[in-house]
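[1] With the sequence up front, the predicted model follows.
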Amino acid sequence: MEQVSDALLIIDLQNGVCHQENTNIHQLEKLVATVNKRIALYNQAKLPIIFVQHNDNELRKNSFAWEILPAIQTDKGDYFVNKTHANSFYQTNLQTILTKNNVNQIEICGAQTEYCIDATIKFAHGLGYDLRMQKNMSTTYDNEFMTATQTIKFYEKIWDRRFLTFI
């Protein structure tokens with residue numbers, strides 16, 4: 001059986017994050033397929049799945065842009081956390097959900113690598129959580145300094161064995 005953690009944390013895989021200006025975020029179809037496989041594994045193991053949704057002026061709560069991508073498998077038993085900051089713990093109920101479910105080890109995936117994923121990984125690490133991630137399970141867009149591929153590799157190198165373990 002594939003390795004699982006105590007919970008799966010899926011960050012910002014929302015319509016408005018993953019589709020911008022007639023372009024999709026880097027390797028979206030591949031990421032969605034892999035995330036759905038991980039969701040199925042966690043469902044089979046009856047472990048918590050937590051979706052984090054960013055909410056701001058462009059991603060207004062309950063709007064199409066704010067919604068989780070329709071291709072992502074969600075279930076009525078999943079947890080949904082609404083955030084307004086890159087750090088998924090900041091002024092949210094995420095830590096309460098993790099504590100309620102006796103979660104010590106978290107598998108993280110989602111968007112965007114250099115923003116919400118990085119902030120959440122570093123904060124969760126500081127809180128003492130044991131973090132796990134599969135390689136290339138975060139995504140982003142090309143920027144003026146690096147391609148999306150370069151950005152992902154850059155952050156994965158920083159996170160590796162400092163903030164999380166790759167599985």
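    All right, it came through fine. As the structure is a prediction and not an experimental result, all values here were calculated from the model. Numbering: from 1, shown residues only.

[2] Next, the buried residues of the biggest helix by length in the chain.
    In the chain, with assignment by DSSP state H, the single longest helix is helix 28-44. For helix 28-44, the neighbour count (16 or more other Cβ atoms under 10 Å) marks 28, 31-32, 35, 38-39, 41-42 as buried. In short, each C-beta sits where N, CA and C put it, glycine included.

[3] Just put those in CSV and tack on distance to Lys122.
    Below are the buried residues of helix 28-44 laid out as CSV (distance: Cβ to Cβ, whole Å):
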residue, distance to Lys122
Leu28, 25
Leu31, 21
Val32, 25
Val35, 21
Arg38, 22
Ile39, 24
Leu41, 26
Tyr42, 23
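
[4] This protein: helices as residue ranges?
    Using DSSP H, helices in the chain cover 15-18, 28-44, 94-100, 118-126, 148-159.

[5] tell me which residues in the fourth one are buried?
    For helix 118-126, the neighbour count (16+ other Cβ under 10 Å) marks 118-125 as buried.

[6] partner residues bridging the nearest residue to Tyr129 once chain neighbours are set aside?
    In space, Tyr129 comes closest to Ile106 once its chain neighbours are excluded; the distance is 5.3 Å by Cβ to Cβ, 6 or more residues apart in numbering. Per DSSP bridges, residues listed as beta-bridge partners of Ile106: Ala7, Leu131.

[7] Per-residue pLDDT of Ile106, please?
    Per-residue confidence (pLDDT) for Ile106: 98.

[8] How about Glu21?
    At Glu21, pLDDT is 85.

[9] swap in the one 5 residues further on?
    We note a pLDDT of 98 for His26 in this prediction.

[10] So Gln73 sits against Leu41, correct?
    No: Gln73 lies out of contact with Leu41 (Cβ atoms under 8 Å); the separation is 11.3 Å.

[11] thinking again about what came up before, let me know the closest of the buried residues of helix 28-44 to Leu131.
    Arg38 (14.5 Å; Cβ to Cβ).

[12] Does that closest one touch Arg132 like I think?
    No: counting by Cβ under 8 Å, Arg38 sits too far from Arg132 to count as a contact (10.6 Å).

[13] All set, thanks.
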